[in-house]
Every structure is written in structure tokens, then in C-alpha cells.
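**Q** Give the three-dimensional model of this entry:
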Amino acid sequence: MTAERERQTRHLIRYGADWLPFVAARAAGSYVEDAHGRRMLDFTSGQMSAILGHSHPEIVGVVSDMIGRLDHLYSGMLSPPVIDLAETLGSLAPGLTKVLLLTTGAESNEAALRLAKAATGGWEVVGFAQSWHGMTGAAAAATYAAGRRGHGPAPVGSMAIYAPNAYRPRFLTADGELDWRAELDDAFDLVDRQSSGGAAAFIAEPVLSSGGILDLPPGYLAALQARCHERGMLLVLDEAQTGMGRTGTMLACDRDGVVPDVLTLSKTLGAGLPLAAVLTTDEIEERAHQQGFMFYTTHVSDPLPAAVGLKVVEIVLRDRLAARADDAGARLREGLGELRDRYDCVGDVRGRGLLAGVEIVADSASKKPAPELGAAITRRCAELGLSMNITGLRGMGGVFRIAPPLTVTDDELDLGVTILDQAVADVAG
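**A** Okay, the predicted model is just below:
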């Protein structure tokens, strides 16, 4: 055991991650480097957040300026960056003009669900059985991908339905395709049977990330919102990983022409720094305010991260990074598709823009989950200089979540696919 590894083991609380045998000392662009000069190509943008790459010079400039001028304020005191960012975000989705600025994705989802409960008077929250919305309170209660055991009961009114999965469909049409409409009808029949009449919200990711990169089919979000409104529920969309151009449009819901009742942004909004936002309508904000909505936190409306968020939005729009994500994502999936065609253990390639999923299975015919194989490929990728993240759910194979920075070059994309190719060949043969 190295000295660094021994110190980790001695001092750090294990929080769920498997620590890599790599201690980062610096990062720039699409690469992370240790103190010995060993570089790793980062195919996860840190924790799926650094969409502009690491240490983007314009972000460095904003942070350097703000830390010496205006970093943190009393929560009841506003600043120009906060007002400017609220105005900017309020123009991203039609009608979502009211904005609350916070820190993490969990915190923004917590505030969104609290807002929905205040506005509707309900308390029941429905999510997907493959979801991840955060590790605090209501956000954790709506998270079903992992982390539910050993922490006590979830709040009353927590319910889940399955998200559609085209690779492993639960409902089929007569021609053998995924029948997501029948699945959605069946799901809401169960919700109605369980509800005690206090429906508040449905919270969903447009592309479920920890759930295995499940892209909700075109038309699904509109049908989901209609079913919510029939029951007096608000639709909350969690775009922590899909916002800011990641999926090829500024917001993932733009593809479907759906404007949710409440939208949350985090991860990509701060491009790796802690910044999150809740967006909603004037009407919902007013109803919640009249009911005494409160989400008063230490770092609400902090100026430094708000200034960073302003610069992130500016760069994404100015450099047309959503279009870049669309083009680069097509190139990435083409390369990954070649691996699927060559290796029997590569069962499926899916995703949207620069958010791709590769499901590793025992063989493509049986689609039998093979989590140990996926873990071995992950380790081999790290040895070869590629940082990858794999997630596994019951009944699914291990799914690589591939999300390079939107600034990634074509050469870096090709290199990543080449390294993954080598890792699969070394492990699976």
C-alpha cells in the first residue's frame, strides 16, 4: 500500500465511491494529472460537471476577480451577479422567470420539491425507480438508484415508477418495440391506487444518468406532464447533468418542446464549481410565497458562484457548445457503436449529445448483467489513462456514463474510444 493510499484509509470516511489509485494534483482541459506527471483523459467531466473542461481560463479569471472583490454576503443581501444571472436564466425556458440560486443539485431539488409542496398543498412525490436526485431529505427520498438502505424510512408519500428502457423493455407493441405509452398508463394506475389524495410533484431527469443513461423517448415528457396536471401535480425536471448544452440543446427538454412547472440546474451550470438554480413560473412562485415558502440557506444568492454561472452561460452560447455537443456526440456514439459491433460484451450504446451510455453484459444475446466485467474494464481503463465511471442497477449490466467536456477535441474523443477498445480487448478478449 502506498503512503498516499494508507493516509486515505486512515483518515477519510468512506462515502460510497471506490477511490482510484490516483491522487490528482492538477487538471486542465480534458486531462487530470497527478504529482508525478501521469495524465488521465477525463471522460466524466469530473463529477459530470466540468463542461468547459478543467481550469478554463475565463472561469479562472472570474473566480480570481470575485474572490478579491465580492465572494459571500448575508443571505438577505443581493448583488449584481445574482440579479444578472437570475435574469439570464429566466430567459432560457418560456415562462420560467423566477429563479432561486443555491449550491448543489441535491439542494436545488430539495428546494424545488419544497416549493411544489407549498404551491399545491400536497406532500406526495413520485420519481423514477432508476433515479438519482441527491443525498439530502426529500431529494434522497426521490432517489431510487442507490443509497436507500440503512438510513431510515423515506417520508410518507414517496412513490416510484419505472422509467422506459428501450434495451430492456417491460412493455412491447405488436411489432416488438418499446410501448412507453402502455407502460406510463400502467404506472399511473399504480400511482392512483397508492395515492391518499396529496399529490404534489413528479421529479424526473430527461436522461436518467445514474439510472443507466436512459433517454426518455420523444413524446414521453409531454405525456408525463399531462398526467401530472390531470392530478394537480407539478412536473419538476432535474437537468443537473443535461442542462447547459450537454445533450445537444441548451436544455434537454427543449428537444421535446416541454416547459416543466419547475426546473432545476446544477453541476453543468457551475462548470465544476458549486452552483445550482431553481426556475419556476410567476404563478407558482406567488402561490408558494403566499403559503410561506422558505429556503433560507447560508450560501443562497452568493455572488461569486453567480458570477461564474453568468460566464458559463455566456461561453456556452457564444461558442455554440450545444451544437458542438450534438456533433461530437454523434462522432462518439459512432466510435462506441463500432465497439458494440466487435465485442459481444458491449450490449448497447445509447444517449444524447455528449452524454453517452455503454452497457456491458455477459453476452449480447442473453443481455445478462455482468457487473464484475464492467468493473474490470473500468480498472483497466484507469491503468491505460482513461477516467471512466460505471453505474449498475439491479437487472441491468454495468453502464459506462461517458460525459467528456463540451470543449473536448475530436482527437481526444477518438483517443478515449481507442483506450476503451484496448481495455475491453484486454479484459474480455
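**Q** in the stretch 301-429 of the chain, which spans are helices?
**A** In the stretch 301-429 of the chain, helices defined by DSSP state H, counting those that start in this stretch lie at 303-318, 321-342, 371-384, 410-428, listed in chain order.
**Q** any chance of those in CSV, plus mean pLDDT, distance to residue 21 and mean neighbour count?
**A** C-beta here means a position set from N, CA and C on the backbone, and glycine is covered the same way. Listed next are the helices of the stretch 301-429 of the chain as CSV, based on pLDDT from 0 to 100; distance: least, Cβ to Cβ, whole Å; neighbours: other Cβ atoms under 10 Å:
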stretch, mean pLDDT, distance to residue 21, mean neighbour count
helix 303-318, 98, 31, 21
helix 321-342, 98, 25, 18
helix 371-384, 95, 7, 19
helix 410-428, 98, 16, 18
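**Q** Those into TSV, with extra columns for distance to residue 246?
**A** Formatted as TSV, the entries for the helices of the stretch 301-429 of the chain read as follows, by distance: least, Cβ to Cβ, whole Å:
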stretch	distance to residue 246
helix 303-318	10
helix 321-342	6
helix 371-384	21
helix 410-428	15
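**Q** List the residues that contact the residue nearest the centre of the chain.
**A** A centroid search over the chain (Cα atoms, centre = their mean) returns residue 241, at 2.9 Å, as the residue closest to the centre. Contact analysis of residue 241 by Cβ atoms under 8 Å, 6 or more residues apart in numbering lists 48, 205, 207, 209, 267, 268, 355, 403.
**Q** what does residue 114 give?
**A** Under the criterion of Cβ under 8 Å, 6+ apart, the neighbours of residue 114 are 138, 293, 295.
**Q** thinking the first one is in contact with residue 155, fair?
**A** Yes. With contacts defined as Cβ atoms under 8 Å, residue 138 counts as touching residue 155 at a distance of 6.7 Å.
**Q** Find residues that contact each of these two.
**A** Overlap of the contact sets of residue 138 and residue 155 (by Cβ under 8 Å, 6+ apart) consists of residue 125.
**Q** who's more crowded, these two?
**A** Neighbour comparison, residue 138 and residue 155: the larger count goes to residue 138, with 27 against 14 (by other Cβ atoms under 10 Å).
**Q** Next, find the distance separating that one from residue 351.
**A** Between residue 138 and residue 351 the computed distance is 28 Å (Cβ to Cβ, to the nearest Å).
**Q** Please apply the same query to residue 357.
**A** Taking Cβ to Cβ as the measure, residue 357 falls 5 Å from residue 351.
**Q** for residue 270, same thing?
**A** 22 Å.
**Q** Repeat that for residue 314.
**A** When distances are taken as Cβ to Cβ, residue 314 and residue 351 turn out to be 26 Å apart.
**Q** Ok, residue 78 next?
**A** Remark: distance between residue 78 and residue 351 (Cβ to Cβ) = 39 Å.
**Q** same deal with residue 260?
**A** According to Cβ to Cβ, residue 260 stands 21 Å off from residue 351.
**Q** Please apply the same query to residue 230.
**A** With distances defined as Cβ to Cβ, the gap from residue 230 to residue 351 amounts to 31 Å.
**Q** In contact with residue 141: list those residues for me.
**A** 125, 154, 155, 158.
**Q** Closest to residue 333 out of those?
**A** Using Cβ to Cβ, residue 125 is the member of these that sits closest to residue 333, with 33.4 Å.
**Q** which outside residues touch the helix or strand hosting the closest one?
**A** Counting by DSSP states H and E, the element that carries residue 125 is strand 124-128. Contact with strand 124-128 is made by 113, 116, 133, 138, 141-144, 155, 157-163, 191, 195-196, 198-205, 208, 211, 233, as judged by Cβ under 8 Å, 6+ apart.
**Q** Mind exporting the C-alpha coordinates of the following helix or strand past that strand to CSV?
**A** Proceeding N to C from strand 124-128, the next assigned helix or strand is helix 137-141, under DSSP H and E. The C-alpha trace of helix 137-141 is given here as CSV (Å, rounded to 0.1, in the frame of the first residue of the first chain):
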residue,chain,number,x,y,z
GLY,A,137,-34.0,14.8,2.7
ALA,A,138,-36.7,14.9,0.0
ALA,A,139,-34.1,14.6,-2.8
ALA,A,140,-32.8,11.4,-1.2
ALA,A,141,-36.4,10.2,-0.8
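**Q** what packs against the following helix or strand past helix 137-141?
**A** Following helix 137-141 in sequence order, the next helix or strand is strand 158-161 (DSSP H and E). Using 3 or more Cβ pairs under 8 Å, 6 or more residues apart in numbering; DSSP states H and E as the contact criterion, the neighbours of strand 158-161 among helices and strands are strand 124-128, helix 180-194.
**Q** So for the first one, mean pLDDT?
**A** Looking back up the chat, that one is strand 124-128. Strand 124-128 shows a mean pLDDT of 98 in the predicted model.
**Q** ok, back up a step: what's the distance between the residue nearest to the centre of the chain and residue 411?
**A** When Cβ to Cβ is the yardstick, residue 241 and residue 411 sit 25 Å from each other.
**Q** Check residue 71 too.
**A** 37 Å.
**Q** And for residue 249?
**A** If you measure residue 249 against residue 411 using Cβ to Cβ, the figure is 25 Å.
**Q** What segments of the stretch 1-150 of the chain are helices?
**A** Under the criterion DSSP H, counting those that start in this stretch, the stretch 1-150 of the chain contains helices at 3-11, 45-48, 57-67, 80-89, 105-120, 137-141.
**Q** can you count the residues close to the residue nearest to residue 233 when sequence neighbours are not counted?
**A** Of all residues beyond its chain neighbours, the one nearest residue 233 is residue 199 (4.5 Å), with distances taken as Cβ to Cβ, 6 or more residues apart in numbering. Counted by other Cβ under 10 Å, the residues lying close to residue 199 total 25.
**Q** Would you confirm that residue 199 contacts residue 116?
**A** No. Between residue 199 and residue 116 no contact is recorded; they are 9.8 Å apart, counting by Cβ under 8 Å.
**Q** Thanks a lot, catch you later.
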